[in-house]
Each structure stands twice: as structure tokens, then as C-alpha cells.
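Participant: here is my input; please provide its structure:
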Amino acid sequence: MLIEITRTLQIDSTDLEEIFVTATGAGGQNVNKTATAVQLRFNLGGNTTLPAPVKARLARLAGRRLSRDGILTIEAETYRSQLRNREAARDRLFSLIRAAATQPKTRRATKPTKAAQTRRLETKSRRGALKRQRGAQEFS
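Facilitator: Below is the predicted model of the structure:
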């Protein structure tokens, strides 16, 4: 089954694996007996539905969340409910994929205009003159 990320991007649900573990932190006795935290694992290396440029940008955005095997791991343990943590993990993964889907603008080298160069040099010379004037003053 395909999960729609954007209009043009989908991922296969078989590439996702959810592991439920006990959460750390506050929660009282509930935290010791229920596995509410979610580790969502996305098989980026084995994914066939995402285009190669999107995969490369996603790998760069994932940083240390991406293992050497090409598995992207997202952990969510904010909520006390397993369902809400699961939704939060999926939302974070989908927003990461959406961010990787947007192609960055290519930077075009530009030259400053002649007027801008002139303004910059005039400002520098005025500032230098002010500093020279300060040094020439004698205190009595």
C-alpha cells in the first residue's frame, strides 16, 4: 500500500517498520508497564518509490538518524499514548521527506553594480578619515 506524501511522492508502507518500546521520563507507574514510545524505521536504502535526488537530500537532512545500512530512525516519546506517538513519528518523517522534495535554488554568482562599489568605497574612506581624525586629537 502506498502512502501519499505529496501529490507526486509516495512511499510504500512496507518500507516502514514501527517498534514500540517503554518511554523514559515522567509518567508514573504507567511508564513501566506500557510500551508507548515509538521507533519508526524507514528503509531509505531499499526504497524504490522516491527519486534519487530526493533520497540524496533526505540522507543529508537525516544526519545521524540515518544508519550505515540506509535505515532512517525517528523516535517519538512525547505523548503518553502509543497512537499519538506513532502519529508524531510519522508526521516528522513525512515533513522530512517533504523538505527533501523541495529542490534548493541554485546560486548564481553576481557582481555588484558600479554604483554599489562606489558607495562602498566612499563609506570606507569616510570611516577611515573619521578614525584618522580621532588619532590626531591631543588631550590636554
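
Participant: where does the closest residue to Pro112 other than its chain neighbours land on pLDDT?
Facilitator: Nearest non-adjacent residue to Pro112, counting by CB to CB, 6 or more residues apart in numbering: Arg120, 7.6 Å away. Bear in mind the C-beta positions are built from the backbone N, C-alpha and C, glycine included. According to the prediction, Arg120 has pLDDT 97.

Participant: which element is Arg120 on?
Facilitator: With elements taken from DSSP states H and E, the one containing Arg120 is helix 114-136.

Participant: ok, now Phe42?
Facilitator: Using DSSP H and E, Phe42 falls within strand 37-43.

Participant: got it, and Thr24?
Facilitator: Assigned by DSSP H and E, Thr24 falls within no helix or strand.

Participant: from Leu121, how far off is it?
Facilitator: Thr24 sits 59 Å away from Leu121, going by CB to CB, to the nearest Å.

Participant: just give the number of residues close to Ala59.
Facilitator: Residue neighbour count, defined by other CB atoms under 10 Å, stands at 16 for Ala59.

Participant: which residues touch it?
Facilitator: With contact set as CB atoms under 8 Å, 6 or more residues apart in numbering, Ala59 has these partners: 44, 66.

Participant: tell me the predicted confidence for the most centrally placed residue in the chain.
Facilitator: With distances taken as CA atoms, centre = their mean, Leu61 lies nearest the centre of the chain, 5.0 Å away. Note for Leu61: predicted pLDDT of 89.

Participant: just the one 4 residues further on next, same as before
Facilitator: At Arg65, the predicted lDDT confidence score is 88.

Participant: so what's it up against?
Facilitator: 72-74.

Participant: who wins for neighbours among those residues?
Facilitator: Neighbours here are counted as other CB under 10 Å. On that basis the top member of these is Leu72, with 24 neighbours.

Participant: mind checking which helix or strand of this structure has the lowest mean pLDDT?
Facilitator: Taking mean pLDDT, DSSP states H and E as the measure, the helices and strands of the chain show their lowest mean at helix 30-33, namely a mean of 69.

Participant: phi first, then psi, for Glu77.
Facilitator: Recorded main-chain torsions at Glu77 are phi -140, psi 20, according to degrees, to the nearest 10.
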